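In: A predicted structure for the sequence below; I have some questions about it.
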Amino acid sequence: MADDKDVLRDVWFGRIPTCFTLNQDEVTEREAEPYYLLLPRVSYLTLVTDKVKKHFLKVMRAEDVEEMWFEYEGTPLKWHYPIGVLFDLHASNNVLPWSITVHFKNFPEHDLLHCPSNSVIEAHFMSSIKEADALKHKSQVVNDMQKKDHKQLWMGLQNDKFDQFWAMNRKLMEYPTEEGGFRYIPFRIYQTMSDRPFIQKLFRPTSPEGNAHTLGDLLKEMYPDALTNDGKSPHKGTRWVNTLRHSSYPTAYLSVISFGDGRK
Amino acid sequence: MGSWKSHVRAGLQQRDHKEKVPFVGVFTSLSELEDRFEIRAQILEDVQSDSFEVGEVGKNTRLLQLQLRESENLSGKLSQTVSDLTTVLHLKEAELQHWQSRVSQYRQEALSLAKGSNALKATLSELEFTVECQSKELAALRLEQKGLKEASGQACREKERLLQRWMEEKREEAERLNRFNDTQERFQHLAKRLKKHFQRRMKKERAPIAEKSPSAIHRINNVTDTHQGHSGYKHVSAAAKV
């Protein structure tokens, strides 16, 4: 993994230029200026928008403020999806910067989960990490970790500390070939043209004959027209193991976006 | 190995070139300016509320206080950076230790594998020697087998020849016996006729001959019996042999 740090860094430091605008229906004391921010692809919206909240609260009255949520062209943005997934799902074709509308009222209960504090994001993040490790190593690695190791993973993501995060995440991405490697590949396929949240299936990294599966193998099986959500087209000949270890989100899930227009 | 990596890196760089590079400078500057503005606004507010001095001296004092607070703020930021760098340093040290332990582990593995390899090489050498010996032995045995096969073929041919000779001999013996039997039959037939003829003659000359020599008739009868008994034995023997 040490040799592959360039790839890991490129994935980690992916940024999306974003313009946050307050919804016109919000009651303000004076006109709210838009707020510009470079969002890290690998993080969560509610984790990196403290400044946005602070910026807009300056022009609002305290009694008009409820839970903050985000919307893009009428679609509420799910905070529990990584930012890169949200962008590729909803806005990858549009002109940059990505224009997100900020709301402080009328929380869409049916579409979004509440996020009252960062501990909720942490719980969701750790849950994903554990779920992915259950698929990869029967939870052996994550169970062997101590509480402080889990904390280090979370703090690494929260504070955007690549080295801190990968010092621990390296263990979760170990691929012990002598023990048969990963059991299953944790992946999720998000669909732009579907109401279903995402597709998730058990998929082994090797065929019964012992040949290494590639990303192309799965895409052929599930979706011929797909694009990974770190914003790059997958090298379909790349072995799953490499794809997962280098292109997955900090949640340890590899995310693939399926476009309805047949784009690859 | 390098193919997928270069492909992935090219894709990521292309993505960054489109999404990150054109905006990063402006966004970073904006963010820094906002931070600075916010800090200045805060500091100015504090300074204005604390200072009641007026005039040129008061203005200079406020300016100096502003600069001092800015410096303090900057110093705080630098302290934070130092703290972050120290953390990274600790992490790197831990990582270095990890990799050193891995290197040590791999070295041990390499040593044990080398030992195993040497043992396997020795075994291979021994086995090669055994194979060579056995190959030579096999070649000698094959040569011997060839000689024995030839001898066996020769013996078979000899046996066939002897069998043929024996059969020929037996055939000739049977023929001889048959000829003898025929002679014997003819002799007996002749003897019977002579006996009858002699008996007839004896009847005609009974009286004088009987008086002259009774032992002569007895002698003739004995000779005839002896011939009959001998030919009977030979006849059975020849038949059995044939």
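Out: Great, that's in hand. Fair warning: this is a prediction, and the values are worked out from it, not measured in the lab. Residues are numbered from 1 along each chain as shown, chains lettered A, B, ... in the order given.
In: what does chain B put close to chain A?
Out: B:3-5, B:7-9, B:11-16, B:18-20, B:22-24, B:27-28, B:30-31, B:84, B:87-88, B:91-92, B:94-95, B:99 (Cβ under 8 Å from any Cβ of the partner chain). All C-beta spots, glycine's among them, are computed from the backbone N, C-alpha and C.
In: and those, which of them are buried?
Out: Buried subset of those (neighbour count, 16 or more other Cβ atoms under 10 Å in any protein chain shown): B:4-5, B:7-9, B:11-12, B:15-16, B:19-20, B:23, B:27, B:91.
In: which ones among those are found in strands?
Out: Among those, no member falls in strands (DSSP state E).
In: would you list those residues in TSV and tack on distance to A:Asn23?
Out: Below are these laid out as TSV (distance: Cβ to Cβ, whole Å):
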residue	distance to A:Asn23
B:Trp4	44
B:Lys5	44
B:His7	41
B:Val8	38
B:Arg9	39
B:Gly11	35
B:Leu12	34
B:Arg15	30
B:Asp16	31
B:Glu19	25
B:Lys20	27
B:Phe23	24
B:Phe27	22
B:Leu91	41
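In: turn those into JSON lines, including pLDDT.
Out: Shown next, in JSON lines, are those (pLDDT from 0 to 100):
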{"residue": "B:Trp4", "pLDDT": "77"}
{"residue": "B:Lys5", "pLDDT": "81"}
{"residue": "B:His7", "pLDDT": "83"}
{"residue": "B:Val8", "pLDDT": "84"}
{"residue": "B:Arg9", "pLDDT": "87"}
{"residue": "B:Gly11", "pLDDT": "87"}
{"residue": "B:Leu12", "pLDDT": "88"}
{"residue": "B:Arg15", "pLDDT": "89"}
{"residue": "B:Asp16", "pLDDT": "92"}
{"residue": "B:Glu19", "pLDDT": "90"}
{"residue": "B:Lys20", "pLDDT": "92"}
{"residue": "B:Phe23", "pLDDT": "94"}
{"residue": "B:Phe27", "pLDDT": "93"}
{"residue": "B:Leu91", "pLDDT": "83"}
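In: check those residues and tell me the two furthest apart.
Out: B:Trp4 and B:Phe27 (31.3 Å; Cβ to Cβ).
In: which of the buried ones among the residues of chain B next to chain A fall in helices?
Out: Among these, DSSP state H puts B:4-5, B:7-9, B:11-12, B:15-16, B:19, B:23, B:27, B:91 in helices.
In: strands along the chain, start to end?
Out: Because you didn't say which chain, this covers chain A. Under DSSP E, chain A gives strands at A:15-22, A:35-40, A:69-72, A:75-76, A:98-103, A:187-191, A:226-228, A:254-258.
In: hmm, the last one in reach of chain B?
Out: When you say that, I think you mean strand A:254-258. No - judged by Cβ under 8 Å from any Cβ, strand A:254-258 makes no contact with chain B; its nearest approach is 12.3 Å.
In: sheet-wise, list the partners of that strand with their directions.
Out: strand A:187-191 (parallel), strand A:226-228 (antiparallel) (DSSP bridges).
In: same question for the third one.
Out: In the sheet, strand A:69-72 lines up against strand A:75-76 (antiparallel), strand A:98-103 (antiparallel) (DSSP bridges).
In: contacts for the longest one next, please.
Out: When you say that, I think you mean strand A:98-103. A:16-23, A:26, A:39, A:52, A:56, A:68-72, A:77, A:87, A:91 (Cβ atoms under 8 Å, 6 or more residues apart in numbering or on different chains).
In: would you indicate which residues of it are buried?
Out: For strand A:98-103, the neighbour count (16+ other Cβ under 10 Å) marks A:98, A:100-103 as buried.
In: from those, which single one is nearest B:Gln154?
Out: For those, the residue nearest B:Gln154 by Cβ to Cβ is A:Trp98; the value is 102.1 Å.
In: for chain B, give the residue positioned nearest to chain A.
Out: Using Cβ to the nearest Cβ, the closest approach of chain B to chain A is made by B:Gly11 at 3.0 Å.
In: can I have stretch A:32-41 written out in CSV, keeping just the CAs?
Out: In CSV, the C-alpha atoms belonging to stretch A:32-41 read as follows (Å, rounded to 0.1, in the frame of the first residue of the first chain):
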residue,chain,number,x,y,z
ALA,A,32,-27.6,36.7,2.7
GLU,A,33,-24.5,36.5,0.6
PRO,A,34,-23.7,33.1,-1.0
TYR,A,35,-20.9,31.1,0.6
TYR,A,36,-18.2,29.4,-1.4
LEU,A,37,-16.5,26.3,-0.2
LEU,A,38,-14.3,23.5,-1.6
LEU,A,39,-16.0,20.3,-0.4
PRO,A,40,-13.9,17.2,0.2
ARG,A,41,-15.4,14.3,-1.9
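In: give me the below-cutoff pLDDT ranges for chain B.
Out: Applying pLDDT under 70 to chain B flags residues B:1-2, B:47, B:49-57, B:207-242.
In: let's see 80
Out: Applying pLDDT under 80 to chain B flags the ranges B:1-4, B:39-40, B:42-63, B:65-66, B:206-242.
In: mind listing the strands for it?
Out: Counting by DSSP E, chain B contains no strands.
In: does B:Asn73 touch B:Gln42 like I think?
Out: No - using Cβ atoms under 8 Å, B:Asn73 makes no contact with B:Gln42, being 9.2 Å away.
In: between the two, who's got more neighbours?
Out: A direct count of neighbours by other Cβ atoms under 10 Å in any protein chain shown for B:Asn73 and B:Gln42 places B:Asn73 higher, at 16 against 12.
In: for that one, which non-adjacent residue is closest in space?
Out: Once flanking residues are discounted, B:Asn73 sits nearest to B:Ile39: 5.4 Å by Cβ to Cβ, 6 or more residues apart in numbering or on different chains.
In: state the distance from the residue nearest the centre of chain A to A:Ile121.
Out: Note on chain A: the residue nearest the mean C-alpha position is A:Pro82, at 2.2 Å, using Cα atoms, centre = their mean. Counting by Cβ to Cβ, to the nearest Å, the gap from A:Pro82 to A:Ile121 is 11 Å.
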